[in-house]
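Participant: Build me a model:
(one chain, ligands or ions: 3)
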Amino acid sequence: MSTQLITKLPAILDPTKMPQHVAAIMDGNGRWAKQQGLPRIAGHQQGAKTVKSLLRCCKDWGIANFTVYAFSTENWGRPAAEVDFLMRLFEGLLDSELSQMYAEGVRIRFLGDRSQVPISLQKMMDRSTEKTRDNRAVTFNIAINYGSRHEILQACKSIATQAQLGTLDPHQIDESIFARHLDTHELPDPDLLIRTSGEQRLSNFLLWQLAYTELHITNTLWPDFSNDEFTQAIADYQQRHRRFGKV
Ligand code: IPE
Ligand code: IPE
Ligand code: MG
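Facilitator: Ligands and ions are numbered 1, 2, ... in the order given. Model prediction:
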């Protein structure tokens, strides 16, 4: 974050109906780069600017939680050079942005299995979490090596272990106990999910948590997703009637 200017809440948004948790599947970086005649990695660099800009909006507009899908468990299947670039990009961005995010009250958390990411990135992730743990202006969750099926399996293993040890009665397992074993245990479920670049799928993101989330799918590529379009997405969300299965 380079500036501390406050982004004013756009007049079309109702401050009493703001989502408390927005999640984003940041897709289309590669296609953006291709459109510009640039290598794919340039798309990832540009995409990072969108993240910064939206994080500031969340903080300034009273959206308490912002969660972004940065790297999936399936993304290891990409060419090694791109995977390597992404890991370095995450580490570099955390390093260069940490003090500013700290100063602005951002609390940084991570979702996903960190044991498989490079050690130097793991250290940077620990440092970011540790330094910002008492911040409360906005919670910024970054999903790195995240896959929802993996997360759910981990939760099952941990619950089964407790049952085997006799510390948990299997008959008492309910949704709230299960949710406590997920990476998102301290977060409310997302109110709004944004997916850019037009793909109409979840790609193994937050399968449990998105059960009643409102979806916003746009053809815009992630590096082009502007504050104005974010505003529009929230304005659409504010018009939705969330029934949660009731009448
Ligand atoms: C999303 O953009 C970023 C990551 C998955 C890391 P992509 O890299 O998937 O971009 P496209 O889908 O190829 O355009
Ligand atoms: C989803 O994008 C993962 C992230 C944004 C990190 P992908 O580009 O990997 O998803 P698919 O392959 O189109 O489903
Ligand atoms: Mg993609």
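
Participant: CA only for contacts and neighbour counts going forward, please
Facilitator: Will do.

Participant: which SS state does Gly245 fall under?
Facilitator: coil (DSSP: H, G, I helix; E, B strand; the rest coil).

Participant: and it, how many neighbours?
Facilitator: 6 (other C-alpha atoms under 10 Å).

Participant: How confident was the prediction at it?
Facilitator: pLDDT, Gly245: 96.

Participant: got the contact list for it?
Facilitator: By C-alpha atoms under 8 Å, 6 or more residues apart in numbering, no residues touch Gly245.

Participant: All further residue positions should be reported with the first residue as 383.
Facilitator: Yep, numbering from 383; the last one is Gly627 now.

Participant: Now do the helices in the protein.
Facilitator: 411-417, 422-443, 462-485, 501-513, 530-547, 557-562, 609-621 (DSSP state H).

Participant: JSON lines for those helices, including mean pLDDT?
Facilitator: Listed next are those as JSON lines, based on pLDDT from 0 to 100:
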{"stretch": "helix 411-417", "mean pLDDT": "98"}
{"stretch": "helix 422-443", "mean pLDDT": "98"}
{"stretch": "helix 462-485", "mean pLDDT": "98"}
{"stretch": "helix 501-513", "mean pLDDT": "98"}
{"stretch": "helix 530-547", "mean pLDDT": "98"}
{"stretch": "helix 557-562", "mean pLDDT": "98"}
{"stretch": "helix 609-621", "mean pLDDT": "98"}
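
Participant: Which of those helices sits closest to ligand 2?
Facilitator: Closest approach to ligand 2 among the helices of the chain (C-alpha to the nearest ligand atom): helix 411-417, 8.6 Å.

Participant: so does the closest one get close to ligand 1?
Facilitator: Yes: interface with ligand 1: helix 411-417 contributes Asn411, Gly412, Arg413 (C-alpha under 6 Å from any ligand atom).

Participant: mind checking how far the residue lying farthest from the centre of the chain is from ligand 1?
Facilitator: Here the chain reaches farthest from its C-alpha mean at Gly548, the gap being 34.9 Å by C-alpha atoms, centre = their mean. For Gly548, the distance to ligand 1 equals 41 Å [C-alpha to the nearest ligand atom, to the nearest Å].

Participant: swap in Glu557?
Facilitator: Counting by C-alpha to the nearest ligand atom - Glu557 and ligand 1 are separated by 30 Å.

Participant: Tell me how far stretch 620-629 lies from the chain's centre.
Facilitator: 24 Å (C-alpha atoms, centre = their mean, to the nearest Å).

Participant: Just the terminal-to-terminal distance for that stretch.
Facilitator: Length of stretch 620-629, first residue to last, C-alpha to C-alpha, to the nearest Å: 18 Å.

Participant: Quick check: buried residues in it?
Facilitator: Going by neighbour count (16 or more other C-alpha atoms under 10 Å), the buried part of stretch 620-629 is Gln620.
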